[in-house]
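Participant: Structure for the following, please:
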Amino acid sequence: MSQSEMAVEMKKVTFNYPDGQCGLKDITLNIYCGESVGLIGPNGAGKSTLLLHLNGILRGTGEIYIRGLKVEDKNIRKIRKMVGMVFQDPEDQLFSLNVFDDVAFGPLNLGWSDEEVTRKVSSALARVGMSGYEKRSSHHLSIGEKKRVAIATVLSMDPEILVLDEPSSSLDPRGKSFLISVIQELPVTRIVASHDLELVKKICNRIIILDKGSVVADSNAEEIMGDRSLLDAHGLL
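Facilitator: Down below sits the predicted model:
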């Protein structure tokens, strides 16, 4: 498969935090366009750290390519349009007076026309089941609604890769079920970091286990989920 068909390529990526703690250790992996990949592992395994490298928020040693484009300063604007990141806490992405302005923020910064921005906002909200909420205050929504709007803020920029960090945290069963259905229907490459094995199993066809900053397993979801001794060894049962 050619590099142009590769969504993410990581080559010997290592990252240490300022206090010396290892975040990632010699990570080498490929994620191909259209894949739905789950990142699982215990607390401190490096899941969020890895995600934050995909659009250059964190920088370690080694090389990372997004659709063949190297993650470096001169490419960051293009890469951050291609990689849509949804953080664990939706409050990190919702800061405007209403839902429309939150979802429109990205497209406006890309320089799109008012007409195009309105179209993108409407489309993104429809995808996550939030049409009609444009004038509502994001901060007065339920946690499930906030998470859906946070996803819409990313979808409005037409990303090729959707990255989600603990998308089901703080959701009740109904909210989680709806979120799973939303994510399943999105026609993009998906990378999901989560402790929620049920969500990962339903969304992802491939699972990578991280532990202490290293990849310890990488296989299809059925094989990983069926290996209880592997899951137990890495604090996942």
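
Participant: okay, CA-based contacts and neighbour counts for the rest of this
Facilitator: Will do.

Participant: wait, is Met225 part of a strand?
Facilitator: No - assigned with DSSP: H, G, I helix; E, B strand; the rest coil, Met225 falls outside any strand and is helix.

Participant: How many residues are close by it?
Facilitator: 17 (other C-alpha atoms under 10 Å).

Participant: What is the burial count for Ile203?
Facilitator: Neighbours around Ile203, by other C-alpha under 10 Å: 21.

Participant: Without its sequence neighbours, what residue ends up closest to it?
Facilitator: Residue nearest to Ile203 in three dimensions, not counting chain neighbours: Gln184, with 5.9 Å by C-alpha to C-alpha, 6 or more residues apart in numbering.

Participant: Kindly list the main-chain dihedrals of that neighbour?
Facilitator: The phi and psi values for Gln184, taken as degrees, to the nearest 10, are phi -60, psi -30.

Participant: so it touches Asn205, yeah?
Facilitator: No - between Gln184 and Asn205 there is no contact under C-alpha atoms under 8 Å: 11.1 Å.

Participant: Can you tell me the centre-most residue of the chain?
Facilitator: Val163 (1.3 Å; C-alpha atoms, centre = their mean).

Participant: which SS class is that residue?
Facilitator: strand.

Participant: partner residues bridging it?
Facilitator: Met85, Ile191 (DSSP bridges).

Participant: That one against Met82, yeah?
Facilitator: No - the pair Val163 / Met82 is not scored as a contact, 10.5 Å apart, by C-alpha under 8 Å.

Participant: what comes into contact with stretch 94-111?
Facilitator: 93, 114, 117-118, 120-121, 124, 133-139, 146, 149-150, 152-154, 156-157 (C-alpha atoms under 8 Å, 6 or more residues apart in numbering).

Participant: Quick one: work out the angle between the helix or strand bottoming out on mean pLDDT in the chain and strand 161-165.
Facilitator: Every helix and strand of the chain was ranked by mean pLDDT, DSSP states H and E. The lowest is helix 173-184, at a mean of 90. Calculated by axes from the mean of the first three to the mean of the last three C-alpha atoms, to 10 degrees, helix 173-184 forms an angle of 160 degrees with strand 161-165.

Participant: Go through helix 173-184 and flag the buried ones.
Facilitator: Gly175, Lys176, Leu179, Ile180, Ile183 (16 or more other C-alpha atoms under 10 Å).

Participant: same deal with stretch 219-229?
Facilitator: Within stretch 219-229, the residues that count as buried by 16+ other C-alpha under 10 Å are Ala221, Ile224, Met225.

Participant: In the protein, where is pLDDT below threshold?
Facilitator: For the chain, the stretches with pLDDT under 70 are 1-4.

Participant: Past the helix or strand containing Ala104, which element shows up next along the chain?
Facilitator: For Ala104, the host element (DSSP states H and E) is helix 99-109. Using DSSP H and E, the helix or strand that follows helix 99-109 in sequence is helix 114-127.

Participant: list the helices and strands that next one packs on?
Facilitator: Judged by 3 or more C-alpha pairs under 8 Å, 6 or more residues apart in numbering; DSSP states H and E, helix 114-127 is in contact with helix 99-109, helix 143-155.

Participant: C-alpha coordinates for the helix or strand harbouring Leu51, CSV please?
Facilitator: Element membership for Leu51, per DSSP H and E: helix 47-53. Extracted C-alpha coordinates of helix 47-53, given in CSV (Å, rounded to 0.1, in the frame of the first residue of the first chain):
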residue,chain,number,x,y,z
LYS,A,47,-2.7,7.0,24.8
SER,A,48,-3.4,10.7,25.1
THR,A,49,0.3,11.5,24.6
LEU,A,50,0.3,9.7,21.3
LEU,A,51,-2.9,11.4,20.2
LEU,A,52,-1.4,14.8,20.9
HIS,A,53,1.5,14.0,18.6
